[in-house]
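>>> Next input, structure requested:
(2 chains)
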Protein chains: 2
Amino acid sequence: MAAYINNQFVTNEESLLHVKDLSIQRGYAAFDFFRTINGVPLFIDDHLDRFYSSAAAMHLKLDKSREEIKSIVQELIKQTTIPEAGIRLMLTGGYSADGYQLAEPNLIITSNPAKTTTQEDFEKGFSIITHQHQRELPHIKSINYLMAVWLQPLLKEKQANDVLYYNKESITEFPRCNIFIVTDENKLATPAYNMLPGITRKNVLALANKILPIEERNIPVEELATAQEIFLTATTKKIIPIVKVNGKQVGDGKPGEYTTKLYQQFLELENTVKE
Amino acid sequence: MAAYINNQFVTNEESLLHVKDLSIQRGYAAFDFFRTINGVPLFIDDHLDRFYSSAAAMHLKLDKSREEIKSIVQELIKQTTIPEAGIRLMLTGGYSADGYQLAEPNLIITSNPAKTTTQEDFEKGFSIITHQHQRELPHIKSINYLMAVWLQPLLKEKQANDVLYYNKESITEFPRCNIFIVTDENKLATPAYNMLPGITRKNVLALANKILPIEERNIPVEELATAQEIFLTATTKKIIPIVKVNGKQVGDGKPGEYTTKLYQQFLELENTVKE
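The predicted model follows:
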């Protein structure tokens, strides 16, 4: 790992924060995450849009311009020479004198090798469970993953790959991914409220727009049972078919036709962007 | 500040965590906090009970015995020679390889000067606002204060000292304090569900038991309007009268009779404990 912390490029060993930082004291920080392929950041403008927006919504002042952040990212990529990296941007509540009041934010940017979905992962798909939960301030990408990490032992017990949250009988999102279903009427539906609008979600919506009708709306939990196809989208995972929900098989338990088509088109889009 | 981090006593400058710690990556850590007077920790057994319980509930293994933690705390108190200190115990999700999965927990214990309630603070009382919110996993003391920190600018705008959460029309707790009301029937009522049972709350209940009837139950938000007295309890703040709720004065706007009596008895209890 290499990192940039508050105006300095540092080594892995030097990537440290004082314990009085509000991320450690109160779990308070905005963040974002994107991948690079062959040194080219993917969809960086969308991610920076969201990072600035999360920071502002969290009352955290990011005193670097978009161009400054891009050049820091380029320098990090150069220093680390990881072919496929995950770049993490973080803006914390800062070194708070009383461990509670907001202070001068700390900016941390790290680069690590990123593990993404392989063809094998895609074909295998994910088995998921559902769980009633509403993320706090869902439009903000913050470091609050209390529920997500807390649920890890339950996922293991249920032999599930991920957990889909629902709120008031409607599905919303996974802790780190968005959800799509192909309905029994051959429409593509995805939740519109109480979730974080992902960058991969946005790209998939643009691709799908040429293939089938799209509905951004409340999706009742029961609609998962009648869906022809279900898949998730995320920066790291790209697109992964959901083949089982709470132990019940989806369709024939294999990646569906639309899911496969969108996955192929998304891979092509990535190839276009990275060149 | 002085600290103990993973088997080592360290200086303020050395009180650092690597950014891959799950507290920084995902806001995941259990914590607790107690005060010392003249080097004597107050109600340490209750706080350790709760810390072990929060850690276990968060799937974090604390591999130190109660006696080991007590002797670390004593050593910290000796090293720092702060007459009134706040001791903070933290057990984080650890240095996670992928920044998501639980790892070997990091134990951090820090000692800082603690600012507590003065007679002047008590007489002035607090002006509060209410806000609809339910803390995630409310029975656990975790570092998730996303909503609390996020609301700070609103508190400033409303010139309020603190924010009282309510859930489904019932009041629950402040981000860091419990709430009590003296009802129009001269009973002492405090919420029983969806909140963290505080150690000061427990002590106040024991003291109040000899003074007036106690009810631990759901308290509708509207009941604040008919309450004769309202006060909060917390480790740092001890007992503070609430003199204004959403701009509306409580009683005659001065600390009430029962609140004052309980405050005096609590100060006496502290004096007994610390000797």
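
>>> what residues does the stretch 51-200 of chain A put near chain B?
Counting by Cβ under 8 Å from any Cβ of the partner chain, the stretch 51-200 of chain A comes close to chain B at A:58-59, A:88, A:90, A:92-93, A:98-102, A:108, A:110, A:112, A:115, A:133, A:136-137, A:142-150, A:152-153, A:176. Glycine gets a C-beta too; all of them are placed from N, C-alpha and C.

>>> how does chain A divide into domains?
A:2-113, A:119-274 (automatic domain parsing).

>>> Reformat these as TSV; add mean neighbour count.
As requested, these are exported to TSV (neighbours: other Cβ atoms under 10 Å in any protein chain shown):
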stretch	mean neighbour count
domain A:2-113	19
domain A:119-274	18
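
>>> Could you dump these into CSV and include mean pLDDT and distance to B:Leu42?
Shown next, in CSV, are those (pLDDT from 0 to 100; distance: least, Cβ to Cβ, whole Å):
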stretch, mean pLDDT, distance to B:Leu42
domain A:2-113, 95, 19
domain A:119-274, 97, 28
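
>>> could those domains go into CSV alongside distance to B:Ile242?
CSV is the format used below for those (distance: least, Cβ to Cβ, whole Å):
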stretch, distance to B:Ile242
domain A:2-113, 19
domain A:119-274, 25
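
>>> Of the ones you listed, which is nearest B:Gln159?
Nearest to B:Gln159, of all the domains of chain A, is domain A:2-113, at 15.7 Å by Cβ to Cβ.

>>> Excluding sequence neighbours, find me the nearest residue to A:Thr233.
A:Thr200 (4.1 Å; Cβ to Cβ, 6 or more residues apart in numbering or on different chains).

>>> How about the secondary structure of that neighbour?
helix (DSSP: H, G, I helix; E, B strand; the rest coil).

>>> ok, it - contacts?
Going by Cβ atoms under 8 Å, 6 or more residues apart in numbering or on different chains, A:Thr200 touches A:178, A:233-235, A:238-239, A:266.

>>> swap in A:Phe9?
A:2-3, A:75-76, A:79.

>>> Report the two of the residues you listed separated the most.
Pairwise distances across the contacts of A:Phe9 peak at 11.4 Å for A:Ala3 and A:Glu75 (criterion: Cβ to Cβ).

>>> For chain B, what is the nearest residue in chain A?
Residue nearest to chain B within chain A: A:Gly27 (2.9 Å; Cβ to the nearest Cβ).

>>> where's the closest residue to that residue other than its chain neighbours relative to A:Ala29, distance?
With sequence-adjacent residues excluded and distances taken as Cβ to Cβ, 6+ apart, A:Gly27 is closest to B:Gly27, at 2.9 Å. From B:Gly27 across to A:Ala29, the span is 8 Å (Cβ to Cβ, to the nearest Å).

>>> overlap in contacts of these two?
Joint contacts of B:Gly27 and A:Ala29 (Cβ under 8 Å, 6+ apart) are A:23, A:142-143.

>>> Turn those into CSV, including distance to B:Val245 and secondary structure.
Below are the shared contacts of B:Gly27 and A:Ala29 laid out as CSV (distance: Cβ to Cβ, whole Å; DSSP: H, G, I helix; E, B strand; the rest coil):
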residue, distance to B:Val245, secondary structure
A:Ser23, 32, helix
A:Ser142, 29, strand
A:Ile143, 32, coil
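
>>> And the helices in chain A, which stretches?
If DSSP state H is used as the criterion, the helices of chain A fall at A:22-26, A:44-57, A:66-80, A:119-124, A:146-150, A:152-157, A:199-208, A:223-226, A:257-274.

>>> so which of those helices gets nearest B:Lys158?
Once those are compared by Cβ to Cβ, helix A:44-57 is nearest, at 19.0 Å.

>>> For that closest one, which outside residues touch it?
Helix A:44-57 has contacts (Cβ under 8 Å, 6+ apart) with A:30-34, A:41, A:61-62, A:66, A:69-70, A:73, A:89, A:91, A:105, A:137, A:139-142, A:199, A:202, A:235.

>>> Please repeat the previous calculation with a cut-off of 6 Å.
Residues from elsewhere that reach helix A:44-57, judged by Cβ atoms under 6 Å, 6 or more residues apart in numbering or on different chains: A:30, A:32, A:34, A:62, A:66, A:89, A:91, A:140-141, A:199.

>>> Pull the distance from that helix to the chain's centre.
13 Å (Cα atoms, centre = their mean, to the nearest Å).

>>> hang on, A:Tyr166 packs against A:Val221?
Yes - if you go by Cβ atoms under 6 Å, A:Tyr166 and A:Val221 touch, sitting 5.1 Å apart.

>>> Touching, A:Thr80 and A:Ala2? I think so.
Yes - A:Thr80 sits in contact with A:Ala2 when judged by Cβ under 6 Å, with a separation of 4.6 Å.

>>> A:Leu212: what's it in contact with?
So A:Leu212 contacts A:Leu188 (Cβ under 6 Å, 6+ apart).

>>> Please repeat the previous calculation with a cut-off of 7 Å.
Neighbour list for A:Leu212: A:186-188, A:258 [criterion: Cβ atoms under 7 Å, 6 or more residues apart in numbering or on different chains].
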